[in-house]
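Q: Pasting the sequence and the predicted coordinates here, then a few questions.
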Amino acid sequence: MFLVGCSNEQEEAETAKKNKSQENSSFQEQLENLMDENEFKYEEIIDLDIIDDYIYSVTVNFNGGLDLAIIKNNNGTLKWIAGSGDATILQYEDSRYVYLIKPDDPEVKQVNVFDVPVKSVTYYHQQTESYTREIKYWIAYTEKEPAPSVVEYIKN
């Protein structure tokens, strides 16, 4: 006769160790570790916005495109929600919609979404020692699902 038993003690210890490790590492390291654990491939995190319990991240991918990710902060513990390569809109359950706008027209000086001005980001991505590429985009966080028809481009 064999008697086999199992316990959650090891699993609980591993979870506690992971949570303690998250507390001791920097915020940036926590984000990078979480992205790596979820196989979200990126070259560099270029923008972060924290709204309510959500962290919205914009990264440059290895092809030079922009990717979006959403992470939830549950009382100091970060939880992966969603990530998408070359996406322009991303949302999950009760998070806001994140809308990445990259106009083709270099004369655009401001972008409004639902008649509200949105954040402009200019990032200089050093691709080689002698070449730096300017990446310019606007980013909106909305409660309602955005569409191209609610975007207004303002030029000088």
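A: That came in fine, so what should we check first?
Q: Okay, now the unreliable bits of the protein?
A: 1-24 (pLDDT under 70).
Q: Find the centremost residue of it, please.
A: The centroid of the chain falls nearest to residue 57 when counting by C-alpha atoms, centre = their mean (2.1 Å).
Q: burial measure for the residue lying closest to it once chain neighbours are set aside, as a count.
A: Once flanking residues are discounted, residue 57 sits nearest to residue 69: 4.3 Å by C-beta to C-beta, 6 or more residues apart in numbering. Placement of C-beta: from N, CA and C, glycine included. For residue 69, the count of nearby residues is 26 (other C-beta atoms under 10 Å).
Q: Name whatever forms a beta bridge with residue 69.
A: residue 57, residue 83 (DSSP bridges).
Q: And the longest strand anywhere in the chain, what does it pack against?
A: Ranked by residue count under DSSP state E, the longest strand found in the chain is strand 131-142. Applying 3 or more C-beta pairs under 8 Å, 6 or more residues apart in numbering; DSSP states H and E, we find strand 131-142 packed against strand 44-51, strand 54-60, strand 97-101, strand 108-113, strand 119-128.
Q: Let me have those strands in CSV, adding distance to residue 25 as columns.
A: Formatted as CSV, the helices and strands packed on strand 131-142 follow (distance: least, C-beta to C-beta, whole Å):
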stretch, distance to residue 25
strand 44-51, 15
strand 54-60, 15
strand 97-101, 25
strand 108-113, 35
strand 119-128, 25
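Q: what's the closest of these to residue 144?
A: strand 97-101 (7.3 Å; C-beta to C-beta).
Q: which residues does residue 122 contact?
A: 134, 135, 136 (C-beta atoms under 8 Å, 6 or more residues apart in numbering).
Q: Redo the residues you listed as a markdown table? Include neighbour count and distance to residue 74.
A: Formatted as a markdown table, the contacts of residue 122 follow (neighbours: other C-beta atoms under 10 Å; distance: C-beta to C-beta, whole Å):
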| residue | neighbour count | distance to residue 74 |
| --- | --- | --- |
| 134 | 9 | 36 |
| 135 | 18 | 31 |
| 136 | 13 | 33 |
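Q: tell me which of the residues you listed is nearest to residue 118?
A: Checking those against residue 118 with C-beta to C-beta, the nearest one is residue 136 at 12.9 Å.
Q: my guess is that closest one meets residue 104, correct?
A: No. Counting by C-beta atoms under 8 Å, residue 136 sits too far from residue 104 to count as a contact (11.3 Å).
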